[in-house]
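Peer 1: have a look at this prediction, sequence included:
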Amino acid sequence: MTTQQDSHIGKLGDESSIWFNLTPLLKNPENPMGLLLQMAERYGPVIPVNMANQRVVLVTEPEYFKHVLVTKADSYIKYFDGLKPIFGKSMITNDGALWQKIRMPQQPAFHPSVFADYIPYFNTAIKDKMDIWASYAASGKTVEMVEQTWTLAADMICKALFDRDLPFNPHFVFKCVKTYTDVMNHKEIRLKKQSDELFEITGEETAKAVKEWWSVPLAVLGADPREGREQSLLKMIEAAVADPDMPEFDHQQAVDEIKQYLWAGTETTALTLSWALYLTSKHPEAAVRIRREGETVCGDREPTADDYSKLQYTRAVIQETMRLYPPVWSLIRVAAEDDEIAGKQIKAGDRIVLFSYGAHHNPKYWDEPEEFRPERWMDKTKKQVKYSYIPFGAGKRSCPGGAMSQLENTLALSLLLRRFRTEYVGLEPPRINATVTLTPRGGLLFKVRELS
Ligand code: HEM
């Protein structure tokens, strides 16, 4: 019998899926980005490749990112094959007038003028995480950092945006998220399918993971408010559901929007903080500078909005981390009509892969691009080439939560490193998986120790 979840696995590992089609190009286990970087260097900024049953166009230059994401944004639509179980019909999956109608009522929750209100909630979530880390430090336990930072990011979102304490077990939900994202590692699944091997992850486990995931937004909606705030993202979503002029924004839309925030707004933020902790473990001088900056700016107080603007070096570490390890390493679009980019024909239906990782690592735009150099973000004399750094995308579909995630991660990095020494104890260099996001294969293992 085919279950609904088997069909998700089918879709994700399908030959028509862009993620499956890209796997031959990402096959080097040491460096899955290597081949794409070489292709960009050898064959130029726009490379059409015929793959199985579809044409994939690899785009690697900032001016063409602008063409697709900004200048002709309406001619290139979002690609969401296989991700529907995660995101439902939330804003991130829509296009055109409907997308605009869904995004508009939620946009005010991400305006920088409300960030000061969020900071106490972020600080509380970070403090709670530090209490947990104190016990790990005492026991000497090895921790997997992506799980640690994901649970922190989920707590921050629930407290600040939904006015809720976490109404689910974050570690359990993280394991479900992981099960599903592992299923997205199509190559292994296809190979196992072809050789009739058993899946490491069974359809049943994926079924359980998806079912658990779907229960999470209902838990958020059903939980008691923390403080009964008048203003929150959840209140904005509820108001949109109640608005008779917005019949499209029904109860299911609200459920799916919450799902979207608890995935798109947590996995990416968590990956960034995990990679930042890895980089600062490898560059202890950066960790020392972050500690000193925190001491100078905040002393014994909790950070405020005013302090955030002064935590310049810590923020630069977060920016540099997203340059080296952009959580969303490529943006995918489908051409809605024929077009031409850099003299190359684009046909309606082509899958366009905007290789942001490639631009982030291109020596044309960055001195010593493989080096971890947070100072480059503090040098105001150096002008960045526009669209050469797009961790949050660009144009009207860019990430609404980008600035907020930088705030979350700057505060978290500053506070965590002031109290703890975080020592990376995993494989060096860490292996990476490139599916929808750039993740450390097998996670990032750390020991945390209290500083005296
Ligand atoms: C380091 C953290 C983050 C990164 C790297 C990131 C990255 C991105 C990128 C690249 C896109 C655009 C995808 C595309 O154009 O195809 C995007 C969209 C989106 N992000 Fe983020 N994001 C982060 C944090 C957040 C947070 C904190 C939230 C909210 C709580 C969020 C919510 C969204 C939503 C709702 C969209 C869809 C916007 C639309 O389609 O109009 N993200 N993100």
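Peer 2: Thanks, I have it. Residues are numbered from 1 along each chain as shown.

Peer 1: contacts for stretch 266-277, please.
Peer 2: 145-146, 148-150, 152-154, 156-157, 177, 181, 317-318, 321-322, 324-325, 327-328, 401, 405, 408-409, 412-413, 416, 422, 424, 437-440, 444, 446 (C-beta atoms under 8 Å, 6 or more residues apart in numbering). In this view, the C-beta of every residue, glycine as well, is placed from N, C-alpha and C.

Peer 1: let's see it at 6 Å
Peer 2: Stretch 266-277 has contacts (C-beta atoms under 6 Å, 6 or more residues apart in numbering) with 145-146, 149-150, 153-154, 317-318, 321-322, 325, 327, 405, 408-409, 412-413, 422, 444.

Peer 1: what count of nearby residues applies to the residue in the chain positioned nearest to the ligand?
Peer 2: Closest approach between the chain and the ligand, counting by C-beta to the nearest ligand atom: residue 401, at 2.3 Å. By other C-beta atoms under 10 Å, the residues close to residue 401 number 21.

Peer 1: now it. Its backbone dihedrals?
Peer 2: Main-chain torsions, residue 401, degrees, to the nearest 10: phi -100, psi 10.

Peer 1: which residue lies closest in space to it, excluding its sequence neighbours?
Peer 2: Distances taken as C-beta to C-beta, 6 or more residues apart in numbering place residue 265 nearest to residue 401, at 5.1 Å, with adjacent residues excluded.

Peer 1: pLDDT wise, what is the one you found at?
Peer 2: pLDDT for residue 265: 93.

Peer 1: list the buried residues for stretch 207-216?
Peer 2: Within stretch 207-216, the residues that count as buried by 16 or more other C-beta atoms under 10 Å are 207, 209-210, 212-214, 216.

Peer 1: residues touching residue 415, list them.
Peer 2: Residue 415 neighbours (C-beta under 6 Å, 6+ apart): residue 126.

Peer 1: sticking with it, tell me its helix or strand.
Peer 2: For residue 415, the element it lies in under DSSP states H and E is helix 402-419.

Peer 1: let me see the mean pLDDT of that helix.
Peer 2: 98.

Peer 1: quick one: list the elements packing against whichever helix or strand comes after that helix.
Peer 2: Downstream of helix 402-419, the next assigned helix or strand under DSSP H and E is strand 420-424. Here strand 420-424 touches helix 267-282, strand 445-450, going by 3 or more C-beta pairs under 6 Å, 6 or more residues apart in numbering; DSSP states H and E.

Peer 1: what parts of this structure come near the ligand?
Peer 2: Applying C-beta under 6 Å from any ligand atom, one finds that the chain approaches the ligand through 91-92, 103, 157, 260-261, 264-265, 268-269, 272, 327-328, 331, 391-393, 397-402, 404-405.

Peer 1: would JSON lines of the helices and strands packed on strand 420-424 with distance to residue 131 and mean neighbour count be doable?
Peer 2: Below are the helices and strands packed on strand 420-424 laid out as JSON lines (distance: least, C-beta to C-beta, whole Å; neighbours: other C-beta atoms under 10 Å):
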{"stretch": "helix 267-282", "distance to residue 131": "18", "mean neighbour count": "25"}
{"stretch": "strand 445-450", "distance to residue 131": "12", "mean neighbour count": "18"}
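
Peer 1: any chance of TSV for those, columns distance to residue 109?
Peer 2: Output for the helices and strands packed on strand 420-424, formatted as TSV (distance: least, C-beta to C-beta, whole Å):
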stretch	distance to residue 109
helix 267-282	15
strand 445-450	32
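
Peer 1: what helix or strand is residue 348 on?
Peer 2: Residue 348 belongs to no helix or strand, assigned by DSSP H and E.

Peer 1: burial measure for it, as a count.
Peer 2: 11.

Peer 1: can I assume residue 335 is in contact with residue 346?
Peer 2: Yes: counting by C-beta atoms under 6 Å, residue 335 touches residue 346, with 5.0 Å between them.

Peer 1: neighbour count winner among these two?
Peer 2: Set side by side, residue 335 and residue 346 show more neighbours around residue 346, with 24 against 21, by other C-beta under 10 Å.

Peer 1: the more buried one bridge partners, please.
Peer 2: residue 339 (DSSP bridges).
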